[in-house]
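Visitor: Here's my sequence, what's the structure:
(one chain, ligands or ions: 1)
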Amino acid sequence: MMKVAQMAFSQQPAQKEILLENPAFKEVPVLFRSLSPEIPSTSYATFGLYRYPAKFIPQVIAYALKTYGVSGMRIMDPFAGYGTTGIVSRIYGNPYELWDLNPLLKFFHSAAVMSPQEEEKIDLKKAVENSKPYVPDWGSLNYWHPEECLDLLSKAWGYFHQLKDQRLKNLLLIPLLKTTHYFSFNDEKRLKLSRSPMADKRIETLLEKDWKNIFYKMIWNGYLSILLKLKEYQSLNPQPVDCVIQSAVDGLAASPEKESDILITSPPYLQAQEYIRSTKMDLFWMGYSEEFIKDLGKKEIPYRDVPVVQIHSPTYDECLNGIDEAHLQKMFKRYFYGVFGILNSLQEKIRKYLLLFVGPANVRGNAIPMSQIFREHFTSLGWKHEITLVDTIVSRSMFLYKTNPATGISDNRMKTEHLIVLSRERASLLGRLKN
Ligand SMILES: C[S@@+](CC[C@H](N)C(=O)[O-])C[C@H]1O[C@@H](n2cnc3c(N)ncnc32)[C@H](O)[C@@H]1O
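Guide: Residues are numbered from 1 along each chain as shown. Sure, this is the predicted structure:
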């Protein structure tokens, strides 16, 4: 186990040796931010409208498409989250297909790729006050929002749900979600929905002010800011490409609409999931029922039983053997059965490249070299390992835990992320040359 951990890229001085000894270990340090300067920051354009957990930085996709793609190649991302892959794909003229278990994908994607819009003259206050309230189907509604604000929140969401103009809905959704969070006891510093004395204090202070006015201002300023961000996006020259969006879909039960050239994805993390739980408040206000949200949570990897998949990786076996507790072994196996279950069938429909973005993880303090496991598994399925690019996480919004929710034990934060590049073309070319 320790031997495996030491082979992971964390020790830079050993890199050359590894490269010379075993070309399959080709790991090269990079800074994706500097490799795609045409995207000036991670929050430029519409990439940062919403703080989706573990969102790609757009420069990773930009680099991948510039290096391995050409305009017109079809892109697939089965764990699309916020939809960054699609938003970037348009800039390089690539049609795409996105999947995610989280229903939010479809809404965020629609908002982020809109053409620039002019400011509309809306009397938001009047419109909201005259709206029929919308009350979410949420048993804990009173626990999460101050009673004083519930009427205003319900009317604002009533206004949203009754809107017929889809463009306006797209523009108002994210500001409304952000304002709803602000008018809740949720601690904004944590990515997960969680109450804290600090958040309670914040609400207490807010309610001493002209909070109704603040409420409307927040939504309106958010709306204006999206108009600006759409203009920034337009300056990157996005193309009107074909796209397929499958949200609220379980990757294990979905099938792609057609073949793609490149699959680029960042699968859920072994030690930091619960994407549904972290977006629960949004889902309730957007109209999803408690039962539906609970059901979605049960489909998240690795919190579920999944069909067994053969894992072709000695490193996987070694790591599994190094785990003593049965419940941790179960979580570990479920994770790989789930992620590889989805990727195994999808890779058959990918013509050129698999680009897998993964972070190393820990189980009981033992490093799990994720990129090695992914690389070994997919090379044994016939893919050729081109290179693994190792980036240091600077601002990607990650879950910060003292304990891992999947295992209940303490974890270290992930510090680097690895883009594993696998090609089909060269593998088959090599195969042909050998024969
Ligand atoms: C690391 S995040 C992807 C973030 C994305 N790259 C972005 O830029 O926002 C992993 C995603 O996997 C999704 N996921 C988890 N279990 C899933 C399943 N069974 N089917 C489909 N998606 C799933 C989560 O909802 C989450 O959005």
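
Visitor: which SS class is His418?
Guide: Here His418 is recorded as strand under DSSP: H, G, I helix; E, B strand; the rest coil.

Visitor: Close to the ligand: what parts of the stretch 251-400 of the chain are there?
Guide: Gly251, Leu252, Ser266, Pro268, Tyr275, Lys299, Glu300, Ile301 (CB under 6 Å from any ligand atom). The way it works is simple: take the backbone N, C-alpha and C, and place the C-beta from them, glycine included.

Visitor: Quick check on those: which are buried?
Guide: Gly251, Leu252, Ser266, Pro268, Tyr275, Lys299, Glu300, Ile301 (16 or more other CB atoms under 10 Å).

Visitor: Which phi and psi values does the first one adopt?
Guide: In this entry, Gly251 is assigned phi and psi values of phi -50, psi -30 (degrees, to the nearest 10).

Visitor: ditto for the second one
Guide: Here is the backbone geometry of Leu252 (degrees, to the nearest 10): phi -80, psi -20.

Visitor: So it is in contact with Leu343, correct?
Guide: No: if you go by CB atoms under 8 Å, Leu252 and Leu343 don't touch, sitting 10.6 Å apart.

Visitor: Grab the most central residue of this protein for me.
Guide: Residue closest to the mean C-alpha point of the chain, counted by CA atoms, centre = their mean, is Gly81 at 3.5 Å.

Visitor: hang on, the earlier thing: would you turn the buried ones among the residues of the stretch 251-400 of the chain next to the ligand into CSV with secondary structure and distance to Val309?
Guide: Compiled in CSV, these are given as follows (DSSP: H, G, I helix; E, B strand; the rest coil; distance: CB to CB, whole Å):
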residue, secondary structure, distance to Val309
Gly251, coil, 13
Leu252, coil, 10
Ser266, coil, 19
Pro268, coil, 15
Tyr275, helix, 22
Lys299, coil, 17
Glu300, coil, 17
Ile301, coil, 12
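
Visitor: Reformat those as CSV; add pLDDT.
Guide: What follows is those, written out as CSV (pLDDT from 0 to 100):
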residue, pLDDT
Gly251, 97
Leu252, 95
Ser266, 96
Pro268, 92
Tyr275, 88
Lys299, 93
Glu300, 92
Ile301, 90
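
Visitor: Please identify which of those is nearest to Ile420.
Guide: Distance to Ile420 across those (CB to CB) is lowest for Ser266, with 11.1 Å.

Visitor: nearest residue to that closest one other than its sequence neighbours?
Guide: Excluding its sequence neighbours, the residue lying closest to Ser266 (CB to CB, 6 or more residues apart in numbering) is Phe357, at 4.1 Å.

Visitor: Contact partners for that neighbour?
Guide: Phe56, Val60, Ile264, Thr265, Ser266, Glu417, His418, Leu419, Ile420 (CB atoms under 8 Å, 6 or more residues apart in numbering).

Visitor: give me the beta-bridge partners of Thr388?
Guide: On the basis of DSSP bridges, Thr388 is bridged to Glu27, Ile420.

Visitor: Quickly note the distance from it to Leu356.
Guide: Per CB to CB, to the nearest Å, Thr388 is found 9 Å from Leu356.

Visitor: so what's in contact with those two at the same time?
Guide: Residues touching both Thr388 and Leu356 (CB under 8 Å, 6+ apart) are Ser371, Leu419, Ile420.

Visitor: Out of these, give me the one that has the most neighbours.
Guide: Ser371 (25 neighbours; other CB atoms under 10 Å).

Visitor: okay, that residue: pLDDT?
Guide: At Ser371, the model reports a pLDDT of 94.

Visitor: and it, how far is that from Lys26?
Guide: 11 Å.

Visitor: Can you report phi and psi for the residue of the stretch 1-150 of the chain found nearest the ligand?
Guide: Residue nearest to the ligand within the stretch 1-150 of the chain (CB to the nearest ligand atom): Gly81, separated by 2.6 Å. When read as degrees, to the nearest 10, the backbone of Gly81 gives phi 60, psi -110.

Visitor: Am I right that it is in contact with Arg51?
Guide: No: when contacts are counted by CB under 8 Å, Gly81 is not listed as touching Arg51 (11.2 Å).

Visitor: Any stretches of the chain with poor pLDDT?
Guide: Applying pLDDT under 70 to the chain flags residues 1-25, 191, 272-273, 393-414, 425-435.

Visitor: ok, which stretches of it are strands?
Guide: Using DSSP state E, the strands of the chain run over 27-30, 75-77, 96-100, 243-247, 260-265, 350-358, 361-363, 366-368, 384-392, 416-423.

Visitor: Let me know which of the ones you listed is the nearest to Leu152.
Guide: strand 243-247 (28.7 Å).

Visitor: Show me what counts as buried in that closest one.
Guide: Buried residues in strand 243-247, counted by 16+ other CB under 10 Å: Cys243, Ile245, Gln246, Ser247.

Visitor: same check, this time on stretch 125-136
Guide: Going by neighbour count (16+ other CB under 10 Å), the buried part of stretch 125-136 is Val128, Ser131, Pro133, Tyr134, Pro136.

Visitor: Make TSV out of those residues and add distance to Val88.
Guide: Formatted as TSV, those follow (distance: CB to CB, whole Å):
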residue	distance to Val88
Val128	35
Ser131	36
Pro133	39
Tyr134	34
Pro136	33
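
Visitor: pretty sure Leu65 contacts Pro95?
Guide: No: in this structure Leu65 lies outside contact range of Pro95 using CB under 8 Å: 11.9 Å.

Visitor: Which residue is the nearest non-sequential neighbour of Ile87?
Guide: Spatial nearest neighbour of Ile87, excluding adjacent residues (CB to CB, 6+ apart): Ala112 at 5.0 Å.

Visitor: and that neighbour, how many neighbours?
Guide: By other CB under 10 Å, 26 other residues sit near Ala112.

Visitor: Does it touch Thr85 like I think?
Guide: No: between Ala112 and Thr85 there is no contact under CB under 8 Å: 11.4 Å.

Visitor: residues in contact with whatever residue of the stretch 301-435 of the chain ends up closest to the ligand?
Guide: In the stretch 301-435 of the chain, the residue that lies nearest the ligand is Ile301 (4.3 Å; CB to the nearest ligand atom). Neighbouring residues of Ile301 by CB under 8 Å, 6+ apart: Pro267, Pro268, Gln273, Arg334, Tyr335, Gly338, Val339.

Visitor: for Asp250, same thing?
Guide: By CB under 8 Å, 6+ apart, the neighbours of Asp250 are Leu101, Lys299.

Visitor: What separation do you get for it and Ala199?
Guide: From Asp250 to Ala199 the distance is 32 Å (CB to CB).
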